[in-house]
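Colleague: only geometry, no sequence info:
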C-alpha cells in the first residue's frame, strides 16, 4: 500500500451550474448600489418637482396658503372679538361712569339748590327778590332761604317795626 496522507478536511468544490458565494456577495453589493442610486435619483427628481414656480410647488403652496388663510382669518377674528369685547367693556364702563357722575352732579346740584332755596319753588328769573337767610341743613349747604318777597314796581320795602326779621311792603300810590 502506499503511503497515507493525513486528512486535511474537505475541500470546497463548487457545484456545477450554481453560483458561488463570491457571486452572491457581488450581487448583493450591486443591488445595494442600485438601490442607493435609485433613492438618490428619486430624491433629486422629486425635489426638482417642488422647486419654486413648478406646478407641484404651486399646488402645495396654494393649498397651504388657502388653509393658512382660512385658519389665520378665523384666529384673527376670534382674537379681534376677544379684544373688541375687552375694549368695549372698558369704553362702556368709562362712558357709564362718566354718565353716572354727570347724573349724580346734576341731581346733587338740584338737591343742593332745593336745600339752599329752602324748598321754595316758582322762582321767576326776570324778578327781583328780598330774601331772609337762615343756617343751612349741612356743611355743604351752609345757608338756606327761609322766606322771600318778590319786589314789585311802585312798592316800598323796609324792615317791619313790629318784627325787624321781616320785610314790610308799602304801596307808594
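Modeller: Nice, I can see it. Keep in mind that this is a model prediction, so the values were computed, not measured. Residues are numbered from 1 along each chain as shown.
Colleague: quick one: contacts of stretch 152-172?
Modeller: 130, 132, 147, 149, 151, 173 (CB atoms under 8 Å, 6 or more residues apart in numbering). C-beta: built from backbone N, CA, C; applies to glycine.
Colleague: now with 6 Å?
Modeller: Outside stretch 152-172, the residues within contact range by CB atoms under 6 Å, 6 or more residues apart in numbering are 130, 149.
Colleague: after the helix or strand in which residue 84 is found, which helix or strand is next?
Modeller: Assigned by DSSP states H and E, residue 84 belongs to helix 55-116. Remark: after helix 55-116, the chain's next helix or strand is strand 129-135, criterion DSSP H and E.
Colleague: measure residue 41 to residue 129 for me?
Modeller: 110 Å (CB to CB, to the nearest Å).
Colleague: which one's more surrounded, those two?
Modeller: More crowded of residue 41 and residue 129, by other CB atoms under 10 Å: residue 129, with 13 against 10.
Colleague: residues touching that one, list them.
Modeller: 148, 150.
Colleague: repeat that for 7 Å
Modeller: 148, 149, 150, 151 (CB atoms under 7 Å, 6 or more residues apart in numbering).
Colleague: how much space is there between the first one and residue 123?
Modeller: Noted for residue 148: a distance of 8 Å to residue 123, by CB to CB.
Colleague: from the centroid of this structure, which residue is nearest?
Modeller: Residue closest to the mean C-alpha point of the chain, counted by CA atoms, centre = their mean, is residue 83 at 1.5 Å.
Colleague: check residue 12 and give its pLDDT.
Modeller: With respect to pLDDT, residue 12 scores 64.
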